[in-house]
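S.K.: Mind looking at a prediction? Sequence and model below.
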Amino acid sequence: MSEARSNSQIGTGRARRWTMRGAAVTAVAVPLALMMSGSASAAEITPIAEYLDETIASTSASVVEALSALLGV
C-alpha cells in the first residue's frame, strides 16, 4: 500500500514540475517572441522581467532552504 502511495506522490510531483516548466517557458517565450518581432516596447517587457526576477528569487530561496534542511546546515 505504501508503494502505491509513493507512486502516486511521484506522479503528482512530476505533474507539478511539468506545469511549472510549461509556465516558465511560456513566460519567457512570449516576451522573447515580441522582442524578436520588434513590436514590444520596454514598458511592455518590464513587468514581465520584474515578475520573473521575483519568481526566480523566491524559487532560489526555497531551494536553498530545502537543501539546508536536508543537509542539516
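M.R.: Okay, I see it. Residues are numbered from 1 along each chain as shown.

S.K.: From now on I want contacts and neighbour counts done on CA atoms only, so please keep to that.
M.R.: Will do.

S.K.: same for the helix or strand bottoming out on mean pLDDT in the chain, what does it pack against?
M.R.: Within the chain, no helix or strand scores below helix 2-37, which has a mean of 69 by mean pLDDT, DSSP states H and E. For helix 2-37, the packing partners by 3 or more Cα pairs under 8 Å, 6 or more residues apart in numbering; DSSP states H and E come out as helix 42-71.

S.K.: Next, the angle helix 2-37 makes with the helix it packs on.
M.R.: On the basis of axes from the mean of the first three to the mean of the last three Cα atoms, to 10 degrees, helix 42-71 is oriented at 150 degrees to helix 2-37.

S.K.: Quick one: distance of helix 42-71 to the chain centre.
M.R.: In terms of Cα atoms, centre = their mean, to the nearest Å, the centre of helix 42-71 is set 8 Å apart from its chain centre.

S.K.: What of stretch 34-50?
M.R.: Taking mean C-alpha positions (Cα atoms, centre = their mean), stretch 34-50 and its chain are 20 Å apart.

S.K.: Could you write out the alpha-carbon coordinates of it in PDB?
M.R.: Provided in PDB are the C-alpha atoms of stretch 34-50 (Å, rounded to 0.1, in the frame of the first residue of the first chain):
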ATOM      1  CA  LEU A  34       7.600  40.000 -29.100                       C
ATOM      2  CA  MET A  35      11.200  41.300 -28.900                       C
ATOM      3  CA  MET A  36      12.200  39.300 -32.000                       C
ATOM      4  CA  SER A  37       9.300  40.700 -34.000                       C
ATOM      5  CA  GLY A  38      10.200  44.200 -32.900                       C
ATOM      6  CA  SER A  39       6.700  45.000 -31.700                       C
ATOM      7  CA  ALA A  40       7.500  45.000 -28.000                       C
ATOM      8  CA  SER A  41       8.400  48.100 -26.000                       C
ATOM      9  CA  ALA A  42      10.400  48.300 -22.800                       C
ATOM     10  CA  ALA A  43       7.200  49.300 -21.000                       C
ATOM     11  CA  GLU A  44       5.600  46.000 -22.000                       C
ATOM     12  CA  ILE A  45       8.500  43.900 -21.100                       C
ATOM     13  CA  THR A  46       9.500  45.500 -17.800                       C
ATOM     14  CA  PRO A  47       6.600  44.000 -15.700                       C
ATOM     15  CA  ILE A  48       7.300  40.500 -17.100                       C
ATOM     16  CA  ALA A  49      11.000  40.900 -16.200                       C
ATOM     17  CA  GLU A  50      10.200  42.000 -12.700                       C
END
